[in-house]
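>>> take this sequence and fold it.
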Amino acid sequence: GMDTKRVVTGGVVAVYVVATIALLAVLMRDLPCSNSHPTHPLLIISLDGFWAQYMDRGVTPTLQALADGGVKAAYMKPSYPTLTFPNHYTIATGLYPESHGIIANSFYDPEYNSFFGMSTPDPKWWGGDPIWNTIRRQGKISATYFWPGSDKNISGTYPTYYKNYDGDVPYKDRVDQVVSWLIMPKKKRPDLITLYFEEPDHTGHGSGPDSQEVKEQLKIVDDMIKRLIKSMDDYRITPCVNMIILADHGMAAAGSERVINLPEYIPNITTSAITFVGSFSRIRPRNDSEEVKMTFMDKLVGQKKEMRVYPKEDLPTRYHFSNNRRIESIVLDLDAGWTTNISYPDALEGQHGYDNFFTSMNALFIASGPDFKTQMETEPFQNIELYNLMCYLTGVTPSPNNGTFGSLHHILANPPAPPTLPPETKPPTSPYPTGDVKPFLDISECPRNFNVSMPWLGSLKMTEEQQNETEARHLPWGVPHSSSLPASITLLHHLDHVTGYSQVLKMPLWTSFTLQEVPPSQNLTEMWSSDLRLNKTTTATCSSYFNLTTPMGENISMFPLFPPDFSVDESLPPLPFLVSNLVPGSAQLEAPWQVLMEELVPAWLDLYGPLNLLLGPVFDNNADSLPDNLENFSIPEVPSDLFAVVTRCKVNVTSIDLCPPNNLDAVSFIIPEEEVISNNLEDTAYLLEFSAKVHDVELVTGLTFFPALDFQPRTSLILRIQSQLWTT
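I've put the predicted structure just below:
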């Protein structure tokens, strides 16, 4: 939390004596209920470190009543790292920490050559456009009773009314000030108000999430919300105020048994590196050579099963945590409750900062007020989605951000019309040659090419009707959109898959197929051959793969994107080895890919029925979670990763296209071709680590999936966070 010095003791009893005359005078004024006011005031309340599961402790009746009467989520997912400053500022801007620049509670900037801490006054550290500035710039009024960044002159602006942070201000004074803001005359009344409490975070650290002391603090913050509501009721403004009560992160049990002492592995670490210890540890060696970085990582990797060691570029894409100079070159990813230290054991009983997949990091979310639905539970979502919602509720246009506009509109009482995807023309289909096929047999320069046409090649001749049938089967929710990419895609239809082949990259950008069951295994020989639907200028060639290596010099092999094991027709064994199904693959990638295709997918088919798979290459060598510039690629370009999107139906259906859109479920993976250091994770742990939202795959590839679905089911599917693999 923001305040680590002060422990709040005892409840505060609110005694309210309101002079009737004063009350009437206020009521005759233009209160937020009046119709002349186009939007209702929005109040955002942060209960720092309020782990979602604290609601089950039975000591927060006020919060429970608000949750039951309004909108609640089982939890809200924080962003990585799950620390106070990064997450409060992510909520305020809709940006990932790597994009707004507050990457931790304290960090170093090599360009400024200086350190940021929670009390650093200089506003230059804060990027992005926080909601209180968005609002002010568009002629509205913002007020903050504390929020990280709100007392800084960010881009030359402060909130209209703000307080310099002071953790000693009693909670009741904060609440009373918020109420006075709400009853101001219309010309001065804030459109947005933030209110911040240091608890239960502070006590969660000191005593641990399961302690009696935390229970006491939960009662205190609940009483403060009760005081707020009582006061709003007295002024009869409760029905006119939109309120969101949330937390920045959760809390995990920690303690001195879960401490990793870094000097045990790197004795001179204090002199040789700038190190940030604790739950979210990073190391910046003072010598920034690749060799020194490797030496540091080699000394740490595999030392503790509770610690994973990553160069920042190799962190899972789902973290969106590498594209900022402030992120140290080495990141230590720890199990919940574990911390590192250098000189003294950090014996706090509670900690946060970990992987946002961990249940213990889940944060509170409750919304209540005239513009929200009542008695509704919504699916969990990530906190980057809030900024767009806050802008909509206050009637301002959001600045560019990492959220998806409209993703939370389903919790509104009167949602606006949903945004629609811009229509896109389907890519053309590459036809089978009509005349003599002989000239095409050798275009791929593959050693095993045929010199006469083989009978199985005839299966590639499809009528338009057959093509439409294979599309309906293998692309039940439409052909992925790709107009943002200068890839020149052409469609290639097969009985058991449809491929979007890039004539520019000479490689499939995606292949899609629906499986009803696991086909019987066949003994397929790897025999790459020409695809007669391509030509000399668009075909991949075997020869171009012969000396291919990864950026670090690992050997690259010829890898079939559509898995040959899923070929249905035994009379067509060579089909998966057409060069149009060829991507560069590394030995490192093959192992987890095999586990996914040969163990998980068959188990899911048995358990859940039909699945749809969409697979393809990812080109993100600069690790910014966006596609690299295709125009600079060598041919063939070695992908940084391969992606997989697996879709199932949550109810029993005979065919996946019959699945009601709201019952679709999808899990995605972005699996690296190469990592500079291996944490030797067990197979399924590795796949979970490198899983992602469908939307993360869309962002990193430039593709848009499920384009035929309506906005709400599509958005809910692509933004869903699967923090555990589906059961097998």
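>>> residue ranges for the strands of the stretch 451-600 of the chain, please.
Ranges of strands within the stretch 451-600 of the chain are 489-493, 498-502, 507-515, 556-560, 582-586, based on DSSP state E, counting those that start in this stretch.
>>> kindly report the same for the stretch 201-350 of the chain.
For the stretch 201-350 of the chain, applying DSSP E, counting those that start in this stretch gives strands covering 242-246, 252-253, 259-261, 273-276, 281-285, 307-311, 330-334, 339-341, 350-351.
>>> in JSON lines: those strands, plus distance to Gly101 and mean neighbour count.
C-betas here are computed from N, CA, C, even on glycine. JSON lines is the format used below for these (distance: least, Cβ to Cβ, whole Å; neighbours: other Cβ atoms under 10 Å):
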{"stretch": "strand 242-246", "distance to Gly101": "22", "mean neighbour count": "23"}
{"stretch": "strand 252-253", "distance to Gly101": "26", "mean neighbour count": "21"}
{"stretch": "strand 259-261", "distance to Gly101": "28", "mean neighbour count": "16"}
{"stretch": "strand 273-276", "distance to Gly101": "16", "mean neighbour count": "20"}
{"stretch": "strand 281-285", "distance to Gly101": "15", "mean neighbour count": "23"}
{"stretch": "strand 307-311", "distance to Gly101": "20", "mean neighbour count": "22"}
{"stretch": "strand 330-334", "distance to Gly101": "17", "mean neighbour count": "23"}
{"stretch": "strand 339-341", "distance to Gly101": "24", "mean neighbour count": "21"}
{"stretch": "strand 350-351", "distance to Gly101": "24", "mean neighbour count": "28"}
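>>> just put the strands of the stretch 451-600 of the chain in TSV and tack on mean neighbour count, mean pLDDT and distance to Glu464.
Conversion of these to TSV gives the following (neighbours: other Cβ atoms under 10 Å; pLDDT from 0 to 100; distance: least, Cβ to Cβ, whole Å):
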stretch	mean neighbour count	mean pLDDT	distance to Glu464
strand 489-493	21	98	10
strand 498-502	25	98	14
strand 507-515	24	98	19
strand 556-560	19	95	27
strand 582-586	24	97	27
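>>> need these in TSV with distance to Leu703, can you?
Rendered in TSV, the data for these read as follows (distance: least, Cβ to Cβ, whole Å):
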stretch	distance to Leu703
strand 489-493	10
strand 498-502	8
strand 507-515	7
strand 556-560	19
strand 582-586	15
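>>> report pLDDT for the spatially most central residue of the chain.
Nearest residue to the geometric centre of the chain (Cα atoms, centre = their mean): Arg318, 5.2 Å. Reported pLDDT at Arg318 in the predicted model: 98.
>>> how near is it to Val667?
For Arg318, the distance to Val667 under the criterion Cβ to Cβ, to the nearest Å works out to 12 Å.
>>> so what sits against both of the two?
Residues touching both Arg318 and Val667 (Cβ atoms under 8 Å, 6 or more residues apart in numbering): Ser691.
>>> wait, doesn't Ser46 sit right on Trp147?
Yes. Between Ser46 and Trp147 there is a contact at 7.0 Å, judged by Cβ atoms under 8 Å.
>>> which of those two has more neighbours?
For the pair Ser46 and Trp147, the greater number of neighbours falls to Ser46 (28 against 24), based on other Cβ atoms under 10 Å.
>>> which helix or strand contains that one?
Counting by DSSP states H and E, the element that carries Ser46 is strand 42-47.
>>> strand partners of that strand, parallel vs antiparallel please.
In the sheet, strand 42-47 lines up against strand 192-197 (parallel), strand 242-246 (parallel) (DSSP bridges).
>>> give the buried residues for the following helix or strand past it.
Reading on from strand 42-47 to the C-terminus, the next helix or strand found by DSSP H and E is helix 61-69. By neighbour count, and taking 16 or more other Cβ atoms under 10 Å as the criterion, the buried residues in helix 61-69 are 62-67.
>>> next: stretch 314-333.
Applying a neighbour-count criterion of 16+ other Cβ under 10 Å, one finds 314-324, 326-333 buried in stretch 314-333.
>>> mind exporting it as CSV, just the C-alpha atoms?
In CSV, the C-alpha atoms belonging to stretch 314-333 read as follows (Å, rounded to 0.1, in the frame of the first residue of the first chain):
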residue,chain,number,x,y,z
ASP,A,314,11.5,-13.7,-22.6
LEU,A,315,8.8,-13.1,-20.0
PRO,A,316,5.5,-14.6,-21.1
THR,A,317,3.7,-12.3,-23.6
ARG,A,318,0.6,-12.2,-21.3
TYR,A,319,2.6,-10.1,-18.8
HIS,A,320,3.0,-7.2,-21.3
PHE,A,321,6.1,-6.4,-19.4
SER,A,322,9.3,-5.9,-21.4
ASN,A,323,8.8,-2.8,-23.6
ASN,A,324,10.2,-0.1,-21.3
ARG,A,325,13.8,1.0,-20.6
ARG,A,326,12.9,1.1,-16.9
ILE,A,327,12.3,-2.6,-16.7
GLU,A,328,15.5,-4.2,-15.4
SER,A,329,17.2,-6.7,-17.7
ILE,A,330,16.6,-9.7,-15.3
VAL,A,331,13.2,-10.4,-13.7
LEU,A,332,12.8,-13.0,-11.0
ASP,A,333,9.3,-14.5,-11.1
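>>> could you pull out the helices for the stretch 451-600 of the chain?
Remark: helices of the stretch 451-600 of the chain, listed N- to C-terminal, are 464-474, 587-595; assignment by DSSP state H, counting those that start in this stretch.
>>> export the first one as CSV, just CAs?
Backbone C-alpha positions of helix 464-474 (Å, rounded to 0.1, in the frame of the first residue of the first chain) are rendered in CSV as follows:
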residue,chain,number,x,y,z
GLU,A,464,-16.6,-23.4,-54.8
GLU,A,465,-19.3,-25.3,-52.9
GLN,A,466,-16.7,-27.7,-51.5
GLN,A,467,-14.6,-24.8,-50.4
ASN,A,468,-17.5,-23.2,-48.6
GLU,A,469,-18.2,-26.5,-46.9
THR,A,470,-14.6,-26.8,-45.6
GLU,A,471,-14.8,-23.1,-44.4
ALA,A,472,-18.1,-23.7,-42.6
ARG,A,473,-16.5,-26.7,-40.9
HIS,A,474,-13.0,-25.4,-40.1
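>>> that one vs strand 498-502, what angle?
Helix 464-474 and strand 498-502 are oriented at 100 degrees to each other (axes from the mean of the first three to the mean of the last three Cα atoms, to 10 degrees).
>>> packing partners for helix 464-474?
Using 3 or more Cβ pairs under 8 Å, 6 or more residues apart in numbering; DSSP states H and E as the contact definition, the elements that helix 464-474 packs against are strand 489-493, strand 498-502, strand 507-515.
>>> chain neighbours aside, what residue packs nearest to the residue nearest to the centre of the chain?
Nearest residue to Arg318, sequence neighbours excluded (Cβ to Cβ, 6 or more residues apart in numbering): Ala692, at 4.4 Å.
>>> let me see the contact set for that neighbour.
Listed by Cβ under 8 Å, 6+ apart, the contact partners of Ala692 are 316-318, 643, 668-670.
>>> quick check on it: phi, psi?
Its backbone dihedrals place Ala692 at phi -170, psi 170, with angles given as degrees, to the nearest 10.
>>> that one and Tyr161, how far apart?
Counting by Cβ to Cβ, the gap between Ala692 and Tyr161 amounts to 40 Å.
>>> next: Gln217.
Computed as Cβ to Cβ, the Gln217 to Tyr161 distance reads 27 Å.
>>> quick one, which of those two is more surrounded?
Relative neighbour count places Gln217 above the other of Gln217 and Tyr161, with 28 against 17, counting by other Cβ under 10 Å.
>>> mind listing what the more buried one touches?
Under the criterion of Cβ under 8 Å, 6+ apart, the contact partners of Gln217 comprise 8, 199-200, 202-204.
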